[in-house]
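# This is the structure alone, sequence omitted:
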């Protein structure tokens, strides 16, 4: 392997060992400064589902990261307040807790950091400032009570604590026991023959050079260290033009470092069969086409129809079990503190 | 009592007996042609939460009738697709199953009829036709399977069956065991002294002439017979102008019958403490002000501050228990049948 992509991978592989095929652990890493508690999870769930966190009260975290389905909105780009469209496709929130950095360009080190972004993004939830979001939360008495119960301090309703609660809830959004996981734990009937063939094909073709580890998003790097690859690695393919793959410069937008042009975080394969459309711009509608595009742009390979179908069957075996969750009860509007959102 | 309002009430009271104070029954009326089954409830819940029932995939039933909170959106008027605003405030879906007609003007006889409205309303979910909605549902394989399992016939994915499933789910949205209900069943500690005083005041002042029966929305009339009253009954109050109470002609818009001008369905008092803002146009923000407005416009009475506070305490005692519900799993997008919603 002689391309820039494999070179980058090799240098990382020296310090971090990643296996191609591992089952999903039951629990993701938990930051020392944000331990999980039942009350914090519940508060985070309320906040995750509360559209009052958006400027006009129409958009919640769940609007674009729908945990009743794929953890995405299955759109090319998301729709925020007043019909605003985002620039990139919403990544799934399922198993995001296993990623070493958040957002397509890895610009947030933690789920806590990530949660602070969309609330203030003008094409998403469009709050004008963290203070405005805190003021909105404080206008809802039930939240003030819950923040006091969950967090210490004189004035516990803070933007940081809001993000901590949301991240804590998100760390419960894990999908174990996919057919692949059951297969890896010894149940050889859990995957179809085609899926097993596809697993081997994905490895032999080279897909798992990047899509490895338990989340198929690369090695378990320290928080804040995104596992990045260049996309497209092999430039000039017909796919690049057809799907506009290169005009968004990815990580470069964060660092302004020329070496980060078109560098992207390697996304998870977990539940990928249900998170269409694909890639950072959501321009590829089907999983089979996504497989072809990746083989060509990342490995310079044209796969046969059989190879594509087999890999696709394998990827379907990575759809996990979604935990049964109860609805949160959102804190009531008090008649004395109506939030003005019209 | 000599006004048109009491005359209308008296004529109805001759055939239907309604008690001022009754606890909420455990179950609402169930139409003979749409029996409740667990599978139908679950399908209805999926549909209720699925934004793919709107033209651009952004609005679900739950967007405006949020069952994680008050069953409303707590807005003056709702926000539909592309930021469109509706003409009236969203009524709560909680306990709607007890109403003899749906919508503020009672134009739908049943929850089934009601469910067919917002999906096609251009300021709400904006599907161009029932056929378009059916086509959308058919593009999602999981729904096709579920409709087949729940409904009979060769081609069970129909707009009627969709409405039947949603209505079935809605009949589970009952909030029993409010402090008032517990008080009525014998627990005299369930209501505060002030709330008990307010209950008596509401009756002596005349509020319960209309707001009676177990749902405080009038007598149990046959399905399709809305319990209507004129609002404002006493025209010309300062409130009428301040809150623009008379410009929407209510039932008249449905029947074009002059006697239906400004006639409205009597709304429930159940959970009214958390469904602000109030009235068909949502222009009154607080419960205390809503009480003053109603006393003046319907009974021509100016209540004292104490009377208002007592009635308000009573209305707070009508907030019930919200059943614990699990999230539905929305049927997956299949990679072969992406719904194009951008």
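That came through fine. The model shown is predicted, which means the values in this text are computed figures rather than measured ones. Numbers count the residues shown, from 1 in each chain, chains lettered A, B, ... in the order given.

# what about the helices in chain A?
A:4-13, A:38-49, A:61-64, A:111-120, A:130-138, A:141-150, A:159-170, A:179-184, A:193-205, A:238-242, A:252-255, A:287-299, A:305-316 (DSSP state H).

# contact partners of the last one?
Applying Cβ atoms under 8 Å, 6 or more residues apart in numbering or on different chains, the set of residues contacting helix A:305-316 from outside is A:180, A:191-192, A:194-199, A:201-202, A:205, A:207, A:269, A:272-273, A:287-288, A:291-292, A:303, B:335. (Each C-beta comes from the backbone N, C-alpha and C, glycine too.)

# quick one on the thing from earlier: where among the helices of chain A is the average confidence lowest?
Lowest mean pLDDT within these: helix A:4-13, a mean of 41.

# hmm, back to that, want to throw the helices of chain A into a markdown table with mean neighbour count and distance to residue A:81?
Below are these laid out as a markdown table (neighbours: other Cβ atoms under 10 Å in any protein chain shown; distance: least, Cβ to Cβ, whole Å):
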| stretch | mean neighbour count | distance to residue A:81 |
| --- | --- | --- |
| helix A:4-13 | 15 | 38 |
| helix A:38-49 | 21 | 16 |
| helix A:61-64 | 24 | 10 |
| helix A:111-120 | 22 | 11 |
| helix A:130-138 | 17 | 13 |
| helix A:141-150 | 17 | 20 |
| helix A:159-170 | 24 | 18 |
| helix A:179-184 | 21 | 38 |
| helix A:193-205 | 18 | 40 |
| helix A:238-242 | 14 | 31 |
| helix A:252-255 | 15 | 23 |
| helix A:287-299 | 22 | 30 |
| helix A:305-316 | 20 | 34 |
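
# quick one, what contacts the closest residue to residue A:169 other than its chain neighbours?
Nearest in space to residue A:169, with sequence neighbours left out and distances taken as Cβ to Cβ, 6 or more residues apart in numbering or on different chains, is residue A:44 at 3.0 Å. Applying Cβ under 8 Å, 6+ apart to residue A:44 gives the contacts A:164, A:165, A:166, A:167, A:168, A:169, A:170.

# between these, which is nearest residue A:122?
Nearest to residue A:122 among the contacts of residue A:44: residue A:166, at 19.6 Å, using Cβ to Cβ.

# so what's the closest one closest to, chain neighbours aside?
According to Cβ to Cβ, 6+ apart, the nearest residue to residue A:166 is residue A:115 (4.2 Å).

# Tell me if I'm right that that neighbour and residue A:163 touch.
Yes - Residue A:115 is in contact with residue A:163 according to Cβ atoms under 8 Å; the separation is 4.1 Å.

# how near is the residue lying closest to residue A:272 once chain neighbours are set aside to residue B:220?
Leaving out its chain neighbours, the residue that sits closest to residue A:272 by Cβ to Cβ, 6+ apart is residue A:315, at 5.3 Å. According to Cβ to Cβ, to the nearest Å, residue A:315 and residue B:220 sit 55 Å apart.

# Check residue A:208 too.
65 Å.

# How about residue A:248?
60 Å.

# coming back round to it: same list, the helices of chain A, but as a markdown table with distance to residue B:139 please.
Formatted as a markdown table, those follow (distance: least, Cβ to Cβ, whole Å):
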| stretch | distance to residue B:139 |
| --- | --- |
| helix A:4-13 | 37 |
| helix A:38-49 | 27 |
| helix A:61-64 | 21 |
| helix A:111-120 | 28 |
| helix A:130-138 | 37 |
| helix A:141-150 | 39 |
| helix A:159-170 | 30 |
| helix A:179-184 | 25 |
| helix A:193-205 | 25 |
| helix A:238-242 | 24 |
| helix A:252-255 | 35 |
| helix A:287-299 | 17 |
| helix A:305-316 | 19 |
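
# of those helices, which approaches residue B:258 most closely?
So among these, helix A:61-64 is nearest, using Cβ to Cβ, at 44.2 Å.

# Spell out which parts of the stretch 1-150 of chain A neighbour chain B.
Contact residues (Cβ under 8 Å from any Cβ of the partner chain) of the stretch 1-150 of chain A with chain B: A:49, A:51, A:56-58, A:63, A:66-70, A:73-77, A:79, A:82-83.

# repeat that with 10 Å
Selection of the stretch 1-150 of chain A residues close to chain B by Cβ under 10 Å from any Cβ of the partner chain yields A:45-46, A:49-52, A:56-60, A:62-64, A:66-70, A:72-85.

# Mind checking which of those residues are buried?
A:45-46, A:49-52, A:56-60, A:62-64, A:66-70, A:72-82, A:84 (16 or more other Cβ atoms under 10 Å in any protein chain shown).

# So which of those residues sit within strands?
Taking DSSP state E, every one of those sits outside strands.

# For residue A:89, list the residues it contacts.
With contact set as Cβ atoms under 10 Å, 6 or more residues apart in numbering or on different chains, residue A:89 has these partners: A:64, A:72-78, A:104, A:267, A:275-284.

# Likewise for residue A:322?
A:67-71, A:94, A:173-176, A:271, B:327, B:329.

# JSON lines please, covering those residues and showing pLDDT and distance to residue B:145.
Formatted as JSON lines, the contacts of residue A:322 follow (pLDDT from 0 to 100; distance: Cβ to Cβ, whole Å):
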{"residue": "A:67", "pLDDT": "98", "distance to residue B:145": "22"}
{"residue": "A:68", "pLDDT": "98", "distance to residue B:145": "17"}
{"residue": "A:69", "pLDDT": "96", "distance to residue B:145": "16"}
{"residue": "A:70", "pLDDT": "97", "distance to residue B:145": "18"}
{"residue": "A:71", "pLDDT": "98", "distance to residue B:145": "22"}
{"residue": "A:94", "pLDDT": "98", "distance to residue B:145": "23"}
{"residue": "A:173", "pLDDT": "98", "distance to residue B:145": "25"}
{"residue": "A:174", "pLDDT": "98", "distance to residue B:145": "26"}
{"residue": "A:175", "pLDDT": "98", "distance to residue B:145": "21"}
{"residue": "A:176", "pLDDT": "97", "distance to residue B:145": "24"}
{"residue": "A:271", "pLDDT": "97", "distance to residue B:145": "20"}
{"residue": "B:327", "pLDDT": "97", "distance to residue B:145": "19"}
{"residue": "B:329", "pLDDT": "97", "distance to residue B:145": "13"}
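
# Closest one of those residues to residue B:253?
residue A:68 (35.5 Å).

# Can you give me the distance of residue A:262 to chain B?
To chain B, residue A:262 is 24 Å away according to Cβ to the nearest Cβ, to the nearest Å.

# contacting residues around that residue?
Residue A:262 neighbours (Cβ under 10 Å, 6+ apart): A:228-233, A:235, A:245-252.

# With residue A:293 as the reference, measure out to it.
Where residue A:293 is concerned, residue A:262 sits at a distance of 14 Å (Cβ to Cβ).

# next one: residue A:284
6 Å.

# Name all residues that sit in contact with the two at the same time.
The overlap between the contact sets of residue A:284 and residue A:293 (Cβ under 10 Å, 6+ apart) consists of A:239, A:242, A:243, A:245, A:278.
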